[in-house]
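Chemist: Just a sequence and a predicted model for now, questions to come.
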Amino acid sequence: MAEFLAGIEQLALVRGLKASFVAYPIVNALHIMSIGALLTSVALMDFSVLGAFSLPHAPFVALLRRVALGAFGGAIITGALLFSVKAGTYAAMPVFLAKMTLILLAGANFLAFTRLTRTSGVAGSAGGIAAVLAVISLGLWTCVLFAGRFIGFL
């Protein structure tokens with residue numbers, strides 16, 4: 001595994017990212033922007049499920065879901081680039097592994113919520129399982145954010 005991670009760090013794109021004075025800060029800023037858009041859209045969807053807004057639920061959530069998925073894609077791409085610069089170091093950090101686990105759990109929660117709303121249409125109400133999944137989502141994504149910030153300071 002160490003050889004594989006070292007190989008990632010030696011890719012031409014990664015060496016260029018390391019050598020550039022502006023590329024890494026730009027990728028980092030784009031990662032932060034993607035995370036901001038992702039967490040904002042997820043939080044607004046979750047609060048909508050919890051009854052915080054008096055907007056038409058379905059079109060609001062549909063728009064936010066598209067924003068969240070696009071932002072998640074941006075976060076994956078920029079996050080992979082940031083990871084590639086110190087792949088061996090990051091892969092050995094417990095907080096990085098915790099962040100990846102939390103992202104997987106948040107994704108599983110999203111899939112459970114999507115399945116629930118497709119089969120029962122419960123998302124418009126604040127009751128029951130949909131509300132529980134919304135609260136779990138808020139907690140998981142907040143933990144992802146904190147874990148990500150700890151990575152930069154350890």
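Modeler: Yep, that arrived.
Chemist: Nearest residue to residue 88 in space, please, no chain neighbours.
Modeler: In space, and not counting its chain neighbours, residue 88 is closest to residue 5: 4.2 Å by C-beta to C-beta, 6 or more residues apart in numbering. The way it works is simple: take the backbone N, C-alpha and C, and place the C-beta from them, glycine included.
Chemist: who's in contact with the one you found?
Modeler: Residues near residue 5 by C-beta atoms under 8 Å, 6 or more residues apart in numbering: 87, 88, 91.
Chemist: Same question for residue 131.
Modeler: With C-beta under 8 Å, 6+ apart, residue 131 has these contacts: 49, 50.
Chemist: Give me the three-state assignment for it.
Modeler: Following DSSP: H, G, I helix; E, B strand; the rest coil, residue 131 is assigned to helix.
Chemist: Just after the helix or strand encompassing residue 25, pick out the following helix or strand.
Modeler: Using DSSP states H and E, residue 25 maps to helix 23-49. With elements assigned by DSSP H and E, the helix or strand that comes after helix 23-49 is helix 57-85.
Chemist: Can you check the pLDDT for the residue nearest to the spatial centre of the chain?
Modeler: Nearest residue to the geometric centre of the chain (C-alpha atoms, centre = their mean): residue 72, 5.4 Å. pLDDT, residue 72: 96.
Chemist: Next up, the contacts around it.
Modeler: 34, 38.
Chemist: Mind doing that once more with 10 Å?
Modeler: With contact taken as C-beta atoms under 10 Å, 6 or more residues apart in numbering, residue 72 is in contact with 34, 35, 37, 38, 41, 42, 79, 103, 106, 107, 110.
Chemist: Distance-wise, check it relative to residue 129.
Modeler: Between residue 72 and residue 129 the computed distance is 23 Å (C-beta to C-beta, to the nearest Å).
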